[in-house]
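>>> show me how the following folds:
(one chain, ligands or ions: 1)
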Amino acid sequence: MSDTTQSTHTSAAGRSGNPLWSSRLAFILAATGSAVGLGNIWKFPYITGENGGGAFVLVYLLCIALVGLPILIAEVMLGRRGRRSPIQTMTQLARQDGRSPRWALVGWSGVIAGYLILSFYSVIGGWSLAYVGKAASGDFAGASSDTIGTMFGGLLSNPGTLMLWHSLFMLIVLAIVIRGLKSGMEKAINLLMPLLFLLLLVMVGYAMSTSGFSQAVSFLFQPDFSKLTTEAVLTALGHAFFTLSLASGAMMAYGSFLPKEYSLVSTAATIAIVDTVVALLAGLAIFPLVFANGLEPAAGPGLIFQTLPLAFSNMAFGTLFGTLFFALLLIAAITSAISMLEPAVEWLEEKKGIGRLKGALLAGGSVWLLGITTVLSFNHWSDLHPLAFLPAFEGKTFFDIFDYLTANIMLPLGGLFMVLYAGWCMKPQALAQALALPESPVFNGLRFVMRFVAPLLVVVVFVNQLF
Ligand code: TRP
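Numbering: from 1, shown residues only. So this is what the prediction gives:
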């Protein structure tokens, strides 16, 4: 009850002097900065390629609308009610609503998932960093697809180089997290996100001029359900969580700074739409190059690094565009990475009294160490399958395991419990108030989706995968 009586701008209970977002737009920018990242431009295209295209894309879009969006609304709502770091928020809300203290586990699983994700995210962020340099020094100019393939292979085979870029990426993220969240970020995202968007449009424009465009459009948008496996459905569901930064506490942490009068529904919808459009644009920029150059759509995690340089090698001002593109990809990755570290740092600060500097170094340093397993997954340990005795992890390297465990298991489970909390543990009036949504047909529809549709879909996909 107490949360509803606090006044809006002083209600950041449990934290010291953390101001709220300056506007709804500021929140949207930060949350979009978290959502739009490597997930959209690196991961979405390569998993789409691995899972046969159209049908996978369709399932993914359904997952965003029916599962991702309602859970995004629920997570931000919980964060705004709790006004603390994710673990403390869940503890506090459960106490307030007379529920089991075990709800804190949802916060815990989220913080741990964010932590595991960052360990490999930082390595891929490092690849983007490396590619800024390659693009700027004109390495792509006039290069053939063989040269570009060899270039990427060369990067992966060298653990020392990968470590260097992984470390550098992590240092940049740490430097920002240590300064605290909001000062520079609002402004940076405000300018850079539209620029990234614009550059993606340029890339799509180039892709349209290649001979592979129509094939790419049918690949992406003509569903062939015979190619859809149960595993692919789980991957699509997991990616909806990954790409919206759900269930790790990131959105909860950002929601905790959101003034309570803003309606969450349109805010969350904006974020989901922008995120989805960016992913689809990335697909439209990349697959024409794949088909025009006779490359393999299922090439895996290297897909964008083996295709986009081909565009830069041929197009006018390719060096300039290439440098800009990878720089913006890097920035998108950084704004996402920040949101993975933030919940852990906040928790250390709030609960353990560890200052921001020490907390960030502690959390960031250990994530960096864990990231070494991913670095080695692409070379020395590429044949090491540490959990091969479990059927779900057969043939998976450390990198594959962290990816699967987080996106396909931890995030969907965490999100399931968040939406269950919103749908079943909060009274309708309390939910309406927390969402700043009047009790209307829209509210009733949303509550129905939160109680039944989203949870059932997650459970069905899980059960289907198990048996
Ligand atoms: N959504 C980001 C992307 O698409 C990744 C990300 C940021 C994330 N924060 C997260 C994923 C928290 C899961 C959980 O690149």
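
>>> shouldn't Phe169 be in contact with Gly126?
Yes - using Cβ atoms under 8 Å, Phe169 is in contact with Gly126, at 4.6 Å. Where you see a C-beta, it was placed from the backbone N, CA and C, and this is true even at glycine.

>>> against the ligand, how distant is Asp97?
The span separating Asp97 from the ligand equals 25 Å under the rule Cβ to the nearest ligand atom, to the nearest Å.

>>> and Val419, by the same measure?
Plainly put, Val419 is 16 Å away from the ligand if you go by Cβ to the nearest ligand atom.

>>> for Asn379, same thing?
Taken as Cβ to the nearest ligand atom, the span from Asn379 to the ligand is 24 Å.

>>> could you do Phe225 as well?
Look at Phe225 and the ligand: by Cβ to the nearest ligand atom, they are 26 Å apart.

>>> now Asn51
According to Cβ to the nearest ligand atom, Asn51 and the ligand sit 17 Å apart.

>>> quick check on that residue: phi, psi?
Asn51 adopts backbone torsions of phi -110, psi 20, taken as degrees, to the nearest 10.

>>> now do Tyr121
Note on Tyr121: its backbone torsions stand at phi -60, psi -40 [degrees, to the nearest 10].

>>> contact residues of the stretch 201-350 of the chain facing the ligand?
Neighbours of the ligand within the stretch 201-350 of the chain, by Cβ under 6 Å from any ligand atom: Phe242, Thr243, Ser245, Ser248, Ala250, Ser336, Ser339, Met340.

>>> from those residues, which is closest to Trp108?
Trp108 lies nearest to Ser248 out of those, by Cβ to Cβ, at 11.0 Å.

>>> wait, the closest one touches Pro343, no?
Yes - Ser248 lies in contact with Pro343 (Cβ under 8 Å); the separation is 6.9 Å.

>>> which one of the two has more residues nearby?
Ser248 (34 against 30; other Cβ atoms under 10 Å).

>>> list the residues that contact that one.
Gly110, Val111, Ala113, Gly114, Ile117, Met340, Pro343, Leu411, Gly414 (Cβ atoms under 8 Å, 6 or more residues apart in numbering).

>>> host element of Val177?
Counting by DSSP states H and E, the element that carries Val177 is helix 159-178.

>>> may I ask which helix or strand of the chain has the lowest mean pLDDT?
helix 2-5 (a mean of 35; mean pLDDT, DSSP states H and E).

>>> next SSE downstream of that one?
Downstream of helix 2-5, the first helix or strand assigned by DSSP H and E is helix 24-35.

>>> ok, residues contacting the helix or strand just after that following helix?
Next along the chain after helix 24-35, taking DSSP H and E as the criterion, comes helix 38. Counting by Cβ under 8 Å, 6+ apart, helix 38 makes contact with Tyr121, Ile124, Gly125, Ser128, Leu329, Ala332, Ala333, Ser336, all of which sit outside it.
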